[in-house]
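J.: structure for this input, please:
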Amino acid sequence: MSTPAPSPSAPATSFDDAQKSATEAAGWVEANWADWLGAGLRILLIIVIALVLRGLVRRTISKLIDRMNRGVEVAQGTTLGGLLVVNAERRKQRSEAIGSVLRSIASFTILGTAALTVLSVLQINLAPLLASAGVAGVAIGFGARNLVTDFLSGVFMILEDQYGVGDVIDAGVASGTVIEVGLRVTKLRGDNGEIWYVRNGEVKRIGNLSQGWATAVVDVQVGYAQDLDRARAVIEAAAEDMAKSDPWDEALWEPVQVLGLESVSADSVVIQAQAKTMPGKATAVARELRWRIKRAFDEAGITIVGGTPTAAVDDTGVPADPMVAVAAPSALSNPDSPQALAARPVPSQGADGAK
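T.: From the prediction side, this is the model:
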């Protein structure tokens, strides 16, 4: 059986279809190339404007931060500036953190606005995209709520200058000297040298021991029979001498005040002295003041009580009760020891004086 020969018009028909499709495509491109070119130019212009604006804003923020740091360094060189201006490292870190936050916010705002504008130029419906982004943002925010809390708490701590590098703080969960302040975590060095990493969101209260001024309180316990006016004069003299010596002349912001008697007991009284000091110097000032008061009392012959009891001495120099300074005998001690012999009862004497 013979096979029919192909129709000679088939190739011509296929060629005509291809030519027609190419003609239609060329016509469509010719009709829309102006719109494509205009959209491309607008997108390019939007991107260029966004990048230029972002660079200008970030550069402006960086210049402002650098100017703040230079002003702090200049003020630190003066005597008054060293007392009134916070630590340069602390101020620098705080300004850098604020600058980082501002630069991030500026970049997110500018680039986000540019991206939405580009999508609108491409005639993409933004309503479903924004709804999806909103749902995703809520889900991410709920899952990472602790991270968001830490970040926001860190931003407000830095903006409000609640503490900074070099401050001694009590954060509730830990206490120590601040060595680094971040947007999420604050580093503290404890009294024993350990480093605490405290999440900013966990800090419910902060006690800053390095702001304003501190108070050094010293209690001196002297015997009940001592001359209180003389003891006050000795304490004031020791404090005045301390206030004139280096480096305590800078640590003491006001003269030491003898407030009076803190307590009175049967055998002793407590005299309390107080001094206003630089932040963080109260402990050192109190220790030095106790040292000087002790030496001054020794030179003046004033006895500080509260330790080992001493025997009361009358005007003749003889102890009023010799047994006061004698320790109680032990059952395991030598019965012939001086303590045991002194503790034995005195035998009764007869009328004639015989034992």
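J.: per-residue confidence averaged over the helix or strand encompassing V48?
T.: Element membership for V48 (DSSP states H and E) is helix 10-76. Helix 10-76 shows an average pLDDT of 74 in the prediction.
J.: equivalent analysis for stretch 95-106, please.
T.: pLDDT averaged over stretch 95-106 gives 80.
J.: and for stretch 287-297?
T.: Taken as a whole, stretch 287-297 carries a mean pLDDT of 89.
J.: other residues contacting it?
T.: If you take C-beta atoms under 8 Å, 6 or more residues apart in numbering as the criterion, stretch 287-297 is touched by 216, 218, 220, 222, 231, 234-235, 237-239, 241-242, 248, 256, 273, 275, 303-304. All C-beta spots, glycine's among them, are computed from the backbone N, C-alpha and C.
J.: identify those among those that sit within helices.
T.: 231, 234-235, 237-239, 241-242, 248 (DSSP state H).
J.: which of those sits closest to R94?
T.: Looking at these and their distance to R94, the nearest is W248, at 30.3 Å (C-beta to C-beta).
J.: quick check: mean pLDDT of stretch 169-188?
T.: Stretch 169-188 shows a mean pLDDT of 85.
J.: same deal with stretch 146-156?
T.: 82.
J.: that one: which residues count as buried?
T.: By neighbour count with 16 or more other C-beta atoms under 10 Å, stretch 146-156 contains the buried residues 150-151, 153-154.
J.: now do stretch 101-116
T.: Across stretch 101-116, burial judged by 16+ other C-beta under 10 Å covers 101-103, 106, 110, 114.
J.: now what about it, what contacts it?
T.: Applying C-beta under 8 Å, 6+ apart, the contact partners of stretch 101-116 are 46-47, 49-50, 53-54, 57-58, 61-62, 126, 155, 158, 183.
J.: who wins on neighbours among these?
T.: Tallying neighbours with other C-beta atoms under 10 Å puts I158 at the head of these, with 23 neighbours.
J.: distance check, N125 against A133.
T.: Distance from N125 to A133, counting by C-beta to C-beta, to the nearest Å: 13 Å.
J.: filter the buried residues of stretch 146-156 down to the ones in helices?
T.: The helices, defined by DSSP H, take in 150-151, 153-154 from the buried residues of stretch 146-156.
J.: Serialize those residues to TSV and add fields for distance to R42.
T.: Putting those into TSV (distance: C-beta to C-beta, whole Å) gives the following:
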residue	distance to R42
D150	41
F151	36
S153	42
G154	40
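J.: of all those residues, which two lie farthest apart?
T.: For those, and using C-beta to C-beta, no pair is farther apart than F151 and S153, which are 7.3 Å apart.
J.: just the mean pLDDT for stretch 245-262, thanks.
T.: 84.
J.: what's in contact with it?
T.: Against stretch 245-262 from outside (C-beta under 8 Å, 6+ apart): 213, 219, 228, 232, 235-236, 239-240, 242-243, 269-278, 281, 284-285, 288-289.
J.: list buried residues within these.
T.: Buried members of these, counted by 16+ other C-beta under 10 Å: 235-236, 239, 242-243, 269-273, 275-278, 281, 285, 288-289.
J.: how many neighbouring residues does N69 have?
T.: By other C-beta under 10 Å, 16 other residues sit near N69.
J.: near D66, how many other residues are there?
T.: Neighbour count of D66, defined by other C-beta under 10 Å: 14.
J.: low-confidence regions, the stretch 201-350 of the chain specifically.
T.: Where the stretch 201-350 of the chain drops to pLDDT under 70, the residues are 306-350.
J.: show me the strands in it, by range?
T.: Using DSSP state E, counting those that start in this stretch, the strands of the stretch 201-350 of the chain run over 207-208, 214-223, 257-264, 268-277.
J.: make JSON lines out of these and add distance to R189.
T.: Conversion of those to JSON lines gives the following (distance: least, C-beta to C-beta, whole Å):
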{"stretch": "strand 207-208", "distance to R189": "16"}
{"stretch": "strand 214-223", "distance to R189": "19"}
{"stretch": "strand 257-264", "distance to R189": "33"}
{"stretch": "strand 268-277", "distance to R189": "22"}
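J.: which among those is found nearest to Y163?
T.: Distance to Y163, taken as C-beta to C-beta, is lowest for strand 207-208 among those, at 5.2 Å.
J.: what strands line up against that closest one, and which way round?
T.: Its sheet considered, strand 207-208 pairs with strand 168-170 (antiparallel) by DSSP bridges.
J.: in the strand it pairs with, what's buried?
T.: 168-169.
J.: tell me which other helices or strands the helix or strand following that strand touches.
T.: Next helix or strand after strand 168-170 toward the C-terminus (DSSP H and E): strand 175-181. Strand 175-181 sits against helix 88-121, helix 145-159, strand 168-170, strand 185-189, with contacts defined as 3 or more C-beta pairs under 8 Å, 6 or more residues apart in numbering; DSSP states H and E.
J.: try it again at 10 Å.
T.: When contacts are defined as 3 or more C-beta pairs under 10 Å, 6 or more residues apart in numbering; DSSP states H and E, strand 175-181 packs onto helix 88-121, helix 145-159, strand 168-170, strand 185-189, strand 195-199.
J.: just put the ones you listed in CSV and tack on distance to V138.
T.: Shown next, in CSV, are the helices and strands packed on strand 175-181 (distance: least, C-beta to C-beta, whole Å):
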stretch, distance to V138
helix 88-121, 17
helix 145-159, 11
strand 168-170, 35
strand 185-189, 25
strand 195-199, 23
